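Engineer: please find the sequence and the predicted model below.
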Amino acid sequence: MGREFIPLFDNWAESYDNTVAGQDIQYREVFRNYNKILSDVVKHSGFNVLEFGVGTGNLTAKLAAAGKQVIGIEPSKTMREIAKQKLPEDVVVIDGDFIDFPSPPFSPDTIVSSYAFHHLTNQEKREAIKQYGKILNEHGKIVFADTVFKDHKAFIAAIENAKKKGFYQLAEDLETEHYPTISEMEAIFTSEYFRITFQQYNDFAWVMEAVKMKT
């Protein structure tokens, strides 16, 4: 459920915003166009938004600034504390993860996340999407920004390229976590009656917009 990565989140919390701003050269390409990526997630979202993997609250803050009603789910206490410093008092960020989370106080029309869904195995991803399909009404949306690869060959090439550049932390990250391919994400979403589209923003990051279809 991604909770095995909580120590990583806690350790990364203080420097996360510097990383997404491009100050860590190893992750500069991963987060290139970061503000546009988050802004486009907001643009494709409805009014009642449930966000998973809030992190330090960057996407949450943009959703709130756009007038959305948003509740955030974040398993790392350290990340939650940083996020709360950025957010309006009426924006709630609570403990939980993609699969184990409290029922939201409203009926969401959109479920969002940024740079977090890859912490789940493909089996866990499918379990999560199945839950979201029960929460969302027809035409409800899932809008996720995350690292995805066109195919397994592109994934292996990314690891080899990272090592070639001496980006060993990035290479270890790619080898340790659960980064999916486009076809894997398509299979997961379509099996739960979502129609999904993909838009690429850099060599790593895509925004995936999935619309719930009539079952």
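Structural biologist: Sure thing, it's come through.

Engineer: which elements pack onto the least confident helix or strand in the chain by mean pLDDT?
Structural biologist: Least confident helix or strand of the chain, by mean pLDDT, DSSP states H and E, is helix 6-20 with a mean of 82. Under the contact definition 3 or more C-beta pairs under 8 Å, 6 or more residues apart in numbering; DSSP states H and E, helix 6-20 sits against helix 77-86. Where C-beta positions appear, they are placed from N, C-alpha and C, glycine not excepted.

Engineer: relative to helix 6-20, how tilted is the helix it packs on?
Structural biologist: Orientation check (axes from the mean of the first three to the mean of the last three C-alpha atoms, to 10 degrees): helix 77-86 against helix 6-20 gives 40 degrees.

Engineer: avg pLDDT for helix 77-86?
Structural biologist: In this model, helix 77-86 has a mean pLDDT of 93.

Engineer: likewise stretch 189-205?
Structural biologist: Stretch 189-205 carries an average pLDDT of 97.

Engineer: mind listing what's buried in that stretch?
Structural biologist: 189, 192-194, 196, 201-202, 204-205 (16 or more other C-beta atoms under 10 Å).

Engineer: send over that stretch as CSV, restricted to the C-alpha atoms.
Structural biologist: What follows is stretch 189-205 as a C-alpha-only set of coordinates in CSV (Å, rounded to 0.1, in the frame of the first residue of the first chain):
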residue,chain,number,x,y,z
PHE,A,189,-8.1,1.3,-15.6
THR,A,190,-10.1,-0.3,-18.4
SER,A,191,-10.6,-3.5,-16.3
GLU,A,192,-12.5,-1.3,-13.8
TYR,A,193,-14.5,0.5,-16.5
PHE,A,194,-12.5,3.7,-16.9
ARG,A,195,-11.6,5.3,-20.2
ILE,A,196,-8.0,6.6,-19.9
THR,A,197,-5.9,9.1,-21.8
PHE,A,198,-2.2,10.0,-21.4
GLN,A,199,-0.3,13.2,-21.9
GLN,A,200,3.5,13.3,-21.6
TYR,A,201,5.3,16.3,-20.0
ASN,A,202,8.9,15.1,-19.8
ASP,A,203,11.0,12.0,-20.2
PHE,A,204,9.4,10.6,-17.0
ALA,A,205,6.1,12.3,-16.1
